[in-house]
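>>> Sequence first, predicted coordinates after that:
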Amino acid sequence: MAVRDRQRGIMRTKSVEQSIADTDEPGSRLRRDLGTWDLIVFGVAVVVGAGIFTLSASTAGDVAGPSVSLAFVLAAIACGLAALCYAEFASTVPVAGSAYTFSYATFGEFIAWIIGWDLVLEFAVGSAVVAKGWSEYLANVLGLLGADVSTEIHLGPVALDWGALLLIGVLTVLLALGTKLSSRVSLVFTTIKVAIVLLVILVGLFYINAANYSPFIPPAAEGAAADSGLQQSLLSIFGGSATSTYGIYGLLAAASLVFFAFIGFDVVATTAEETRNPQRSLPRGIFGSLAIVTVLYVGVALVLTGMVSYTQLRTQPDGTRATLATAFESLGVNWAATIIAFGALAGLTTVVMVLMLGQIRVLFAMSRDGLLPRGLARTSRQHGTPARATILVGIVVAAGSTFFPIGALEEMVNIGTLFAFVLVSVGVVILRRTRPDLPRGFRTPLVPLVPVLSVLACLWLMINLSVETWLRFVIWMLIGIVVYAFYGRTHSRLGLRGGADAEGVSVRKESGNTP
């Protein structure tokens, strides 16, 4: 059968063989430098960060109480089910782009565009949100060193966050210089922050008071402490509850919130094209990183809520949110709080870097397919990285984190990620039926049961997000549809192909061997 796809219309699919063949195009070829350990480092680097240093404390105080540790377990289960599906796809289609590329081979071009647009939301907004948090920790660290300097400069009505701008600038240069170099830098920072997290758990064990675990699931809040209206979870409204603060609805809402802490393990899949042995290394990288971070998250959550009452972790009236350091400061263990501040700075650095890496690779894949300007898919001869795409992502993320107060968009990242997980899970079932002949380095067990459970788990977490998050997500998707209609649909390389690629790329035909 011909490798090229002759289908027309917005639901045309791009064959796996064509996707793999495109990776060898001169001028847009990525360098294969990564092994299993590099992938695990990337996975741990991006996931161990905001969840431990900021999100665990604030979610315990404002939403779930001590049951935040159970919320992490629920979120990890959903991630684990999705990871089984990601592992099969990544080992079968070892091409940059992750869920975007997988969707192109199963659902067709329009859905692939939608998921690519969705991944822009996940990675770009996620990078900007975490960069903002990094800047706050930088101010704390400078204060600990005796320099009381704000990382924000007010220029009239505009607040310029120079800390976030500095971080994004440095990381953009690193990513442009090469993925292997980025991996080495990530390894250093990841080692530091994991060591600090383990220290926090060990020290915190000596300050645990079992009474702080009761009640494990606090009763639903009422009055000023409760949320309502658009701030409520969609599920709590359907269930007739007046709030999703504490109680069972709070626990479920917390699972959806702390899911933000796990975003990024799918970044491992975006590096498939740069992995030396993707069939073996990708599944190991995905599962290895997910297992490590789950143990760390649950351990920190249990220690944190055992050290102090969850009521001490509530967000203050001035908007100041509790962090991991808050618990140690309240008990007078200031030296540990200082170490945590430095650890958070190192931890959030790698989170931003790997999220940006994922964004760049998705943008690269979409550009190579013509759905975005082809110039963004050009790679540097010296470093083998998509330099133009790297610079563009750096500019966009820097602008977002430098000038905009984007803390309210954290849930947007969650809903975008969960939507991608749903499509990947469904796609595994479809590709098993349409292309059972493809060699698979890893096979998801119990298909279709595991993919179905993954879809249900992700949808369950999605309906526990707030109504306003859903409204913003729908608006973002509508904007994406408009961009596709006026640019992507008419510039698609797959759509322009007739008897041969419109740009003169030779079309291979199968000769009995899989490309």
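Perfect, I can see it now. Numbers count the residues shown, from 1 in each chain.

>>> buried sites along the longest helix seen in the chain?
Looking across the chain with DSSP state H, the single longest helix is helix 334-368. For helix 334-368, burial by neighbour count (16 or more other CB atoms under 10 Å) applies to 336-368. To be clear about C-beta, it is placed using only N, CA and C from the backbone, and glycine gets the same treatment.

>>> Report the contact partners of residue 375.
Residues near residue 375 by CB atoms under 8 Å, 6 or more residues apart in numbering: 367, 388.

>>> how far away is it from residue 363?
Look at residue 375 and residue 363: by CB to CB, to the nearest Å, they are 11 Å apart.

>>> Equivalent analysis for residue 401, please.
With CB to CB as the criterion, residue 401 and residue 363 are 18 Å apart.

>>> ditto for residue 466
Residue 466 is 28 Å from residue 363, by CB to CB.

>>> Equivalent analysis for residue 474, please.
23 Å.

>>> which residues does residue 23 contact?
Per CB under 8 Å, 6+ apart, neighbours of residue 23: 29-30, 95-96, 273.

>>> cool, and residue 60?
Contacts for residue 60 were tallied using CB under 8 Å, 6+ apart; they are 66, 68, 301, 304-305, 310, 313, 322.

>>> what's in contact with stretch 107-119?
Applying CB under 8 Å, 6+ apart, the set of residues contacting stretch 107-119 from outside is 7, 10-14, 97-101, 103-104, 358-359, 362, 365-366, 371, 416, 419-420, 423, 427, 430, 476-477, 480-481, 483-484, 488, 492, 494-495.

>>> Can you flag the buried ones in those?
10, 12-14, 97-101, 103-104, 358-359, 362, 365-366, 371, 416, 419-420, 423, 427, 430, 476, 480, 484, 488, 492, 494-495.

>>> what's the neighbour count on residue 426?
20 (other CB atoms under 10 Å).

>>> State the helix or strand in which it lies.
helix 410-434 (DSSP states H and E).

>>> buried residues in that helix?
Buried, per 16+ other CB under 10 Å, within helix 410-434: 410-432.

>>> other SSEs contacting it?
For helix 410-434, the packing partners by 3 or more CB pairs under 8 Å, 6 or more residues apart in numbering; DSSP states H and E come out as helix 68-92, helix 99-106, helix 109-120, helix 126-144, helix 247-258, helix 449-462, helix 467-483.

>>> could the ones you listed go into JSON lines alongside mean pLDDT and distance to residue 193?
As requested, the helices and strands packed on helix 410-434 are exported to JSON lines (pLDDT from 0 to 100; distance: least, CB to CB, whole Å):
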{"stretch": "helix 68-92", "mean pLDDT": "87", "distance to residue 193": "17"}
{"stretch": "helix 99-106", "mean pLDDT": "84", "distance to residue 193": "27"}
{"stretch": "helix 109-120", "mean pLDDT": "88", "distance to residue 193": "25"}
{"stretch": "helix 126-144", "mean pLDDT": "83", "distance to residue 193": "12"}
{"stretch": "helix 247-258", "mean pLDDT": "80", "distance to residue 193": "18"}
{"stretch": "helix 449-462", "mean pLDDT": "90", "distance to residue 193": "26"}
{"stretch": "helix 467-483", "mean pLDDT": "88", "distance to residue 193": "28"}
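
>>> got a markdown table for the ones you listed, with distance to residue 190 too?
Below are the helices and strands packed on helix 410-434 laid out as a markdown table (distance: least, CB to CB, whole Å):
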| stretch | distance to residue 190 |
| --- | --- |
| helix 68-92 | 19 |
| helix 99-106 | 24 |
| helix 109-120 | 23 |
| helix 126-144 | 15 |
| helix 247-258 | 20 |
| helix 449-462 | 26 |
| helix 467-483 | 30 |
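
>>> closest one to residue 384 among those helices?
Judged by CB to CB, the one of the helices and strands packed on helix 410-434 that comes nearest to residue 384 is helix 99-106, at 18.9 Å.

>>> distance between the closest one and the chain's centre?
Chain-centre distance of helix 99-106: 17 Å, with CA atoms, centre = their mean, to the nearest Å.

>>> Helix 410-434 and that one, what's the angle between them?
30 degrees (axes from the mean of the first three to the mean of the last three CA atoms, to 10 degrees).

>>> which residues touch helix 99-106?
Taking CB under 8 Å, 6+ apart as the rule, helix 99-106 contacts 13-16, 19, 89, 93, 95, 97, 111-112, 114-116, 119, 266, 269, 362, 365-366, 369, 420-421, 423-424, 426-427, 430-431, 434.

>>> Go again with 7 Å.
13-16, 19, 89, 93, 95, 111-112, 115-116, 119, 266, 362, 365-366, 420, 423-424, 427, 430-431 (CB atoms under 7 Å, 6 or more residues apart in numbering).
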